[in-house]
Structures are given as structure tokens and as C-alpha cells.
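In: requesting a structural model of the entry that follows:
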Amino acid sequence: MRLANVDLNLLVTLQALLRERSVTRAAARLGVSQPAVSAALGRLRRHFDDELLTRVGNSYVLTPLAAQLVERTDLAVTNVRQVFSAQPHFDPAVSEREFVVAMSDYSLTMLGDALSGLVEERAPGVRLHIQQLVSADVNHAAEALRTLDAMVLPHGFLRDLPCLDLYTDDWVCLVSADNERVGEKLTPDLLAELSWVFTFHRPTAYTPADWKMRALGIEPNVRVVAEWFVALPLLVRGTDRIALIQRGLVDRLDGMDGLRVLECPFEPDPLVMALWWHPMNSHDPAHRWLRGMVAEAAERVG
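Out: Here you go, the predicted structure:
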């Protein structure tokens, strides 16, 4: 197939049809007439030799081929936009570009306020889209970073990708103030006896402190798993549970009444937080500006 023979306008229509699964909704999304989208769907069906959308009752469903095309189409549209939005210079004062950065709720708590404030101040037309960092992004970071501008993640998970160190944090233990099993200090034996609240608990989703604890022979009794760090106080308060939490997050969270923060009875490796991106963005002037904004926000963390 020769790319020169393909109408790239069909790519945007294909994305809308795959996402909306309706000619009417796709037309509304694109801001064009329904007959125009119907005609484009006909061209797409001839190109792929596939119906793409088939009626089941009162709605349409994707064919197996169309289901395969959803993520590929999103990636293709993103890449095309990046190609045609590239400029030799970036002027944040007049730009209307959108930057998509993936963060955990912890990173958002630490950086979000400063970063959003800086972007609004320096680039009033720029949109900052902060989305939840999920395990799939980390497991397939090189692919995810083709559509994300960057992700904030500690060292220890990714390699062979460019990054910028932001700040360092460490771990402490969180227990309820009325937990009578815990005295003034924690011991390794007590860590093995107590019930734990973990953030992430899968082979490819864990925190460095979790790994260090197991490496020391401490096997935690995990009773609750939550994929939000800011939920830890709610899940520990008034129980016999214990959790590992970042010291910086403790300093920024409200609602810490009824809780005690104790030093770990082992030395967890510190968190070295970093901004990661795809090499294709390394020399993009707009992306360099974004990295500068994140770095400046990180300077305010301390």
C-alpha cells in the first residue's frame, strides 16, 4: 500500500467512528454533517474490506478488525498531530498546545499545584492534561510515551529512556493512633505480624520500599490493596493495619488526625523521582519548555 494513495482525513474520521460507534455521534464529534461521515465510512469499508461497524439491535458494535484498530488509530492520530504541530521555535505566550503528563496521585499532590500554576502564568493558552499513571503505562513505557508527553516515576522501573531527576523523598510507616499493638517504635517482627495496606500489589506493580522489605525477609500480610497513595490514611485510621507512605505526602495531606507516623525499622531506598519521556521528544522546543516547567515546579517541593 502506498501512503500517497491514502486520504489522511479518513484517519480522523476512523478514530471518531471507532470511539463513538455511531455515525451520528461521530459527525457531532467532528463538527461535520452525518452524510459526510457516512460517505467516509463507505470509503473506509472499501479500503479495509470490512464492515468495521455492524448493527446489533439498536446499536452498532465493532468488528474484530475494528477492535484491533482502536489503539493503532489513536496512536496514528497522535503521531500525525505531533508531526504537523512541530515548530522550530516555541512561544509559550501564544501557544495553544496540549501537554499530557501521567502521574500517580502522590506525584500530583507533590507537583500539581506548582506545575499548573507555572503553566498558567507562563503559557495561558497551553492546556496541561494530567492523567492517572497506570501499570500498563509503566510496563510498556516506550509505547505509552509515544502518546504521552511524559510520565513522573521513580528510578528503578524504567531504563534506556531519557529522564530528568526531580526530587528525592523517603518512606515512613503509618499506623492508627489507637493501635495498641504498636509502641513507640516498630520492629521487623511486628511488620510481619501486622495487617498491611499496600499501594499496588502485582509482580510488575510495587513500590521500591515493598521490594526492599521482602528482600530483608519480611513478608507482609497484605489485607487491603489500593492504587491511590492518598487513600492510605483512610484505610489505616481506626484499624490495626499499617502502611508505607512517602514522607513528603504526609507533610502535604490534611486529615492526619488519629494517625501516627513512625520511622521504618529498616532502611528503605529513597525515592528518586524523575520525569521520563520518549527520545523522539528530546529536541522538541515545546517539550524542552515543558521539562523546564516540571523541573522548576520540583524545585519548590522541598
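In: state the pLDDT value of the residue positioned nearest the centre of the chain.
Out: Nearest to the mean C-alpha position of the chain, by C-alpha atoms, centre = their mean, lies Leu133 at 2.1 Å. Note for Leu133: predicted pLDDT of 90.
In: surely it touches Leu108?
Out: No - using C-beta atoms under 8 Å, Leu133 is not in contact with Leu108, being 9.1 Å away. Backbone N, C-alpha and C define where each C-beta goes, glycine included.
In: how about the contacts made by Phe90?
Out: For Phe90, the contacting residues are Pro285, Ala286, Arg288, Trp289, by C-beta atoms under 8 Å, 6 or more residues apart in numbering.
In: Gly248 now?
Out: For Gly248, the contacting residues are Met110, Tyr167, Asp169, Val301, by C-beta under 8 Å, 6+ apart.
In: cutoff 7 Å now
Out: Met110, Asp169, Val301 (C-beta atoms under 7 Å, 6 or more residues apart in numbering).
In: again, but for Val94
Out: Contacts for Val94 (C-beta under 7 Å, 6+ apart) come out as Gly125.
In: show the model's pLDDT score for it.
Out: 92.
In: from Ala102, how far off is it?
Out: Distance of Val94 to Ala102, given as C-beta to C-beta, to the nearest Å: 26 Å.
In: residues near Met256, how many?
Out: Residues lying near Met256 (other C-beta atoms under 10 Å) number 14.
In: ok, it touching Val230?
Out: No - using C-beta atoms under 7 Å, Met256 is not in contact with Val230; the gap is 11.4 Å.
In: so what's Glu120 scoring on pLDDT?
Out: With respect to pLDDT, Glu120 scores 95.
In: so what secondary structure elements neighbour the one helix or strand it maps to?
Out: Element membership for Glu120 (DSSP states H and E) is helix 105-122. Secondary-structure packing of helix 105-122 (3 or more C-beta pairs under 7 Å, 6 or more residues apart in numbering; DSSP states H and E): strand 127-132, helix 247-252, helix 285-299.
In: can you list those in TSV and add distance to Val182?
Out: Formatted as TSV, the helices and strands packed on helix 105-122 follow (distance: least, C-beta to C-beta, whole Å):
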stretch	distance to Val182
strand 127-132	32
helix 247-252	16
helix 285-299	34
